[in-house]
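1. Let me see the structure of the following:
(2 chains)
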There are 2 protein chains.
Amino acid sequence: MADYKKIDAYLEKNLDKSIAELSKLVAQPSVGAQNLGMKECAALVAEMLKARGFKVEIMDTPGAPVVFGERKGKSNKTLLIYNHYDVQPPEPLELWETPPFEPSLREGKLYGRGVSDDKGHIVSRLFAIDALLDSFGELPCNIKFIIEGEEETASINLFDFIKKNKDRLKADACMWEFGGVDHRDVPMEYLGLRGICYVELSVETASIDVHSGLGGSIFPNAAWRLVWALNTLKGEDERIRIPGFYDAVRPPSKRDRELIAAMPEVADEYKSRYGVKQFIKGLTGGVELRVEEVFTPTCTICGLTSGYQGPGSKTVLPARASAKVDFRLVPDQEPDDIRKKLRAHLDAQGFSDVKITDLGGDPPARTDPDDPFIQLVAKVAEEVYEMPMQLVPMVGGSGPSHPFVHDLGLPVATGGLGHPDTRAHAPNENIRLDLYLKHARHMARIINEFGK
Amino acid sequence: MADYKKIDAYLEKNLDKSIAELSKLVAQPSVGAQNLGMKECAALVAEMLKARGFKVEIMDTPGAPVVFGERKGKSNKTLLIYNHYDVQPPEPLELWETPPFEPSLREGKLYGRGVSDDKGHIVSRLFAIDALLDSFGELPCNIKFIIEGEEETASINLFDFIKKNKDRLKADACMWEFGGVDHRDVPMEYLGLRGICYVELSVETASIDVHSGLGGSIFPNAAWRLVWALNTLKGEDERIRIPGFYDAVRPPSKRDRELIAAMPEVADEYKSRYGVKQFIKGLTGGVELRVEEVFTPTCTICGLTSGYQGPGSKTVLPARASAKVDFRLVPDQEPDDIRKKLRAHLDAQGFSDVKITDLGGDPPARTDPDDPFIQLVAKVAEEVYEMPMQLVPMVGGSGPSHPFVHDLGLPVATGGLGHPDTRAHAPNENIRLDLYLKHARHMARIINEFGK
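-> Residues are numbered from 1 along each chain as shown, chains lettered A, B, ... in the order given. Below you'll find the predicted structure:
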């Protein structure tokens, strides 16, 4: 590993310069939900890639453009790096200690909206490339960047984009946009994301709300229709009652259980952080809780709304009621299939009057923990983090990794500069400079070893 | 009925003067929910009573004061007249054609907040008293006025007030605060009000909302708990499942059914006015629909609230959920008893975590259609309205008539100046001057005949 002495020295020496470049990128707002600064930010990212000799194209989509860049390297292997330049809205502004788009360095941390999610990842990866170019004069492998602008708004155009540009995105492995260390500073390798199928269920029983004294005994009530319909979806035993819902579920393997068993206990932390008295399904903690947490699909009511919701009483029989419902899916469930089964179930139960509005979905996706690329990423972490990465076979959240795994056929590895107090999506988002440097060192090793 | 020629002539001649007095009362805001002008309005009402020789006291309650007035009459019989001086909030102001507290006369109607509910009733009754005093120089019977200031905010202090002042309120019959004609201009005599028991059911499962990707498989969900708890209260068959809920229900008598049968059909009107496609319980119209409408108790969800309710999706597992639930009660159900049974039911069903907040209640109350006072009120209407009143044994709404019927032991008759487009509680509240005059003529007859 003698290669890395020079590289690490370069990174140490140029850290301030790289943080200055990151600060410039963070100072350019790119709030997707508010359509603020999107084109300007895409142009800035494109400039940064061009400065490293990448051939860059800003590619249109029906939404925010995708910045695509590629540069040939020594070997014929290709690493695809997925990032995004859009950020979450900065509100509530009054909770920021320094303004969200004026990056501020204090006590070893850089603060600003998007500094962690995801601009810090973009610039630290460019920083690793700078170090490699400085050492070798060329890249160890081909690198392609796909940097989208809609990750924070559900990546709604990414799936089509990937399908349409399959040849151009051809690669041998993919580095994902996020990653980081846990509360013990152990670097984590997240290998799977659950899918999601998000719907709104709504009922309308009248054209206007009716006085409850008048209609209560004789008129249909939208809120009751909704309650009864929801009740058919899941019972108090937490079993989802939609016929065929569990058909495509692949249970966790022995290897998955071993990996989950190697992870730290979470029960007490969850209880104290969220003020939860007990878990459902009789779970108390240990491996079973952690396996259940990520390897079972869910049917979560995210919101309910109907009729009068203010203080005190209003005697009204509501004409309309609706629920936001989020199904988290595990391999090999598919959102389209679940939506169809949901419709069939509601119809069969006499709830044809309950309308389903599709509010988006991603299929689940996983990468094999024993894939050689995953093994490489985990192994080269050891020199940087002084321990190998902890392999996490699945996490509870969702993201657009499915087309990378299934359409492009790539192993997808995570790795990054996140830490438990990074506050992505919240006020005072921040990164630790030590982890920024470590991620650059890690990325330089990944790219170099992958090229061999 | 020669008595009434002079009286009717007086009323015809002095109508403008009475409308001017009403306008003065309407111009004095008295919005209970906003605590606006309550004392000023009570004082003004007291002045109006004093001007008719009533002995008046403005009596404190824990809320708005009650104006109590009494004047002796020729006979030893006493009529108690119940009214209220508080009004509904005028909002939304932009929908008023003329300002709510600037009474405006156009096309035979007087517009303004409270002109119908209930200030028009107060002043037209004083107008009838003026005519009687003009004709006879004295009142035909003793009259007591109880004019409260909390009718629009659930009369929460009235029950105690009546219990504490039973002797003072002693009477032989009671005229209720409202009444009027239906869409055919037929005067209606409403003989019963359903009771109400209004509660909020709420659940809290965590101290903060949780990301649905994290907690969906292992954390309790407040919205689900609420849905399951509500589902135990009433099934799709519309049968309320709280043990003992129907125990005290007295079914309608043969006489009740006859009176209901004499009323006009409502099915088509309801369908078109409220945009309802069909009624529940297989009802299609006719007597059965009208009997069901008022003689069965209800369990109405008036509102649902939990988690995210905005546009699009937010992946959140709600820590809190709540429902507003309104039980309409029929004789001899009692709100306290129903609340106890609800608590016992939720506990028995495993929902001790669902909190019940009492948001108010009234027991149901009825007056016998064959009570002599009711017969008198209906009969004397004939000369004024050119038809007798239609006796309605029960209506779907609720009100504080129980203590008048059960604590004071009085027959309670309705009669008033309302009409189907009177818009009580809504913008452009109005009264028809012809009905104002008719109500004064009707009241003069009621008081005079009652004194005989």
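2. Show me where the stretch 351-452 of chain A has its helices.
-> Assigned by DSSP state H, counting those that start in this stretch, the helices in the stretch 351-452 of chain A fall at A:372-385, A:402, A:433-451.
3. how about the longest helix seen in chain A: buried residues?
-> Ranked by residue count, the top helix of chain A under DSSP state H comes out as helix A:3-27. Neighbour counts over helix A:3-27 (16 or more other Cβ atoms under 10 Å in any protein chain shown) mark A:4, A:7-8, A:10-11, A:14-15, A:18-19, A:21-23, A:25-27 as buried. C-beta here means a position set from N, CA and C on the backbone, and glycine is covered the same way.
4. hmm, back to that, between the helices of the stretch 351-452 of chain A, which gets nearest to chain B?
-> Across the helices of the stretch 351-452 of chain A, chain B has its closest neighbour in helix A:402 (15.1 Å, Cβ to the nearest Cβ).
5. excluding its backbone neighbours, what's nearest A:H406?
-> Using Cβ to Cβ, 6 or more residues apart in numbering or on different chains and skipping the chain neighbours, the partner closest in space to A:H406 is A:A365 (6.5 Å).
6. If you could redo that for A:L410, that was the one I meant.
-> Excluding the flanking residues, the one nearest A:L410 by Cβ to Cβ, 6+ apart is A:C174, at 4.3 Å.
7. got a list of what A:A248 touches?
-> Residues in contact with A:A248 (Cβ atoms under 8 Å, 6 or more residues apart in numbering or on different chains) are A:P331, A:D332, A:Q333, A:E334, A:D337.
8. how does it look with 7 Å?
-> Going by Cβ atoms under 7 Å, 6 or more residues apart in numbering or on different chains, A:A248 touches A:D332, A:Q333.
9. Low-confidence regions, chain A specifically.
-> Low-confidence segments of chain A (pLDDT under 70): A:1-2.
10. could you measure A:N430 against A:D118, distance?
-> Taking Cβ to Cβ, to the nearest Å as the measure, A:N430 falls 14 Å from A:D118.
11. Equivalent analysis for A:T422, please.
-> In terms of Cβ to Cβ, A:T422 sits 11 Å off from A:D118.
12. Same check on A:R445?
-> Between A:R445 and A:D118 the computed distance is 21 Å (Cβ to Cβ).
13. ok, back up a step: could you export the helices of the stretch 351-452 of chain A as JSON lines, including distance to chain B?
-> Listed next are those as JSON lines, based on distance: least, Cβ to the nearest Cβ, whole Å:
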{"stretch": "helix A:372-385", "distance to chain B": "22"}
{"stretch": "helix A:402", "distance to chain B": "15"}
{"stretch": "helix A:433-451", "distance to chain B": "22"}
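14. Next, format those helices as TSV and append distance to B:G213.
-> Listed next are the helices of the stretch 351-452 of chain A as TSV, based on distance: least, Cβ to Cβ, whole Å:
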stretch	distance to B:G213
helix A:372-385	22
helix A:402	15
helix A:433-451	23
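15. Up against chain B, what does the stretch 101-250 of chain A have?
-> Counting by Cβ under 7 Å from any Cβ of the partner chain, the stretch 101-250 of chain A comes close to chain B at A:194, A:198, A:205-208, A:210, A:212-214, A:216-221, A:223-224, A:227-228, A:230-231, A:234, A:236.
16. 8 Å instead?
-> Neighbours of chain B within the stretch 101-250 of chain A, by Cβ under 8 Å from any Cβ of the partner chain: A:154, A:194, A:196, A:198, A:205-208, A:210-221, A:223-224, A:226-228, A:230-231, A:234-236.
17. List only buried entries from the residues you listed.
-> Applying 16+ other Cβ under 10 Å to those, the neighbour count classes A:154, A:194, A:196, A:198, A:205-206, A:210, A:212-221, A:223-224, A:226-228, A:230-231, A:234, A:236 as buried.
18. Among the residues you listed, name the ones in helices.
-> Going by DSSP H, the helices hold A:S212, A:G213, A:L214, A:G215, A:A223, A:W224, A:L226, A:V227, A:W228, A:L230, A:N231 from those.
19. can you redo the residues you listed as a markdown table with distance to B:R52?
-> Putting these into a markdown table (distance: Cβ to Cβ, whole Å) gives the following:
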| residue | distance to B:R52 |
| --- | --- |
| A:S212 | 39 |
| A:G213 | 34 |
| A:L214 | 36 |
| A:G215 | 41 |
| A:A223 | 49 |
| A:W224 | 50 |
| A:L226 | 54 |
| A:V227 | 54 |
| A:W228 | 57 |
| A:L230 | 59 |
| A:N231 | 60 |
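20. For the helices of the stretch 351-452 of chain A, give me CSV that also has mean neighbour count.
-> Converted to CSV, those look like this (neighbours: other Cβ atoms under 10 Å in any protein chain shown):
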stretch, mean neighbour count
helix A:372-385, 19
helix A:402, 24
helix A:433-451, 24
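21. Could I get the full set of strands for the stretch 1-150 of chain A?
-> Listed in chain order, the strands found in the stretch 1-150 of chain A under DSSP state E, counting those that start in this stretch are A:55-59, A:66-71, A:78-84, A:104-106, A:109-111, A:142-148.
22. Give me the contacts around the very next helix or strand once past the last one.
-> In other words, strand A:142-148. Remark: after strand A:142-148, the chain's next helix or strand is helix A:158-164, criterion DSSP states H and E. Residues outside helix A:158-164 that contact it (Cβ under 8 Å, 6+ apart) are A:59, A:61, A:66, A:148, A:150-151, A:169, A:400, A:402-404, A:407-408.
23. again, 10 Å this time
-> A:59-63, A:66, A:68, A:82, A:84, A:146, A:148-151, A:155, A:168-169, A:362-363, A:400, A:402-404, A:406-408 (Cβ atoms under 10 Å, 6 or more residues apart in numbering or on different chains).
24. show me what contacts the residue in the stretch 51-200 of chain A positioned nearest to chain B?
-> Residue nearest to chain B within the stretch 51-200 of chain A (Cβ to the nearest Cβ): A:Y198, separated by 4.5 Å. Counting by Cβ under 10 Å, 6+ apart, A:Y198 makes contact with A:154, A:300, A:302, A:324-328, A:335, A:339, A:357-362, A:398, B:212, B:312-315.
25. how many neighbours does A:K281 have?
-> Other residues within reach of A:K281, judged by other Cβ atoms under 10 Å in any protein chain shown, total 13.
26. before we move on, the earlier item: among the buried residues of helix A:3-27, which one sits closest to chain B?
-> Among these, A:V26 lies closest to chain B (Cβ to the nearest Cβ), at 24.1 Å.
27. So that closest one sits against A:P100, correct?
-> Yes. Look at A:V26 against A:P100 with Cβ atoms under 10 Å: they come within range, at 8.5 Å.
28. Can you tell me the closest non-neighbouring residue to the residue most central in space within chain A?
-> With distances taken as Cα atoms, centre = their mean, A:G399 lies nearest the centre of chain A, 4.2 Å away. Nearest residue to A:G399, sequence neighbours excluded (Cβ to Cβ, 6+ apart): A:L193, at 4.7 Å.
29. Pull the contacting residues for the one you found.
-> Contacts for A:L193 (Cβ under 10 Å, 6+ apart) come out as A:176, A:294, A:328, A:362-367, A:394-402, A:405, A:412, A:414, B:213.
30. and what of A:D358?
-> Taking Cβ under 10 Å, 6+ apart as the criterion, A:D358 is in contact with A:C197, A:Y198, A:V199, A:E200, A:P335, A:D336, A:R339.
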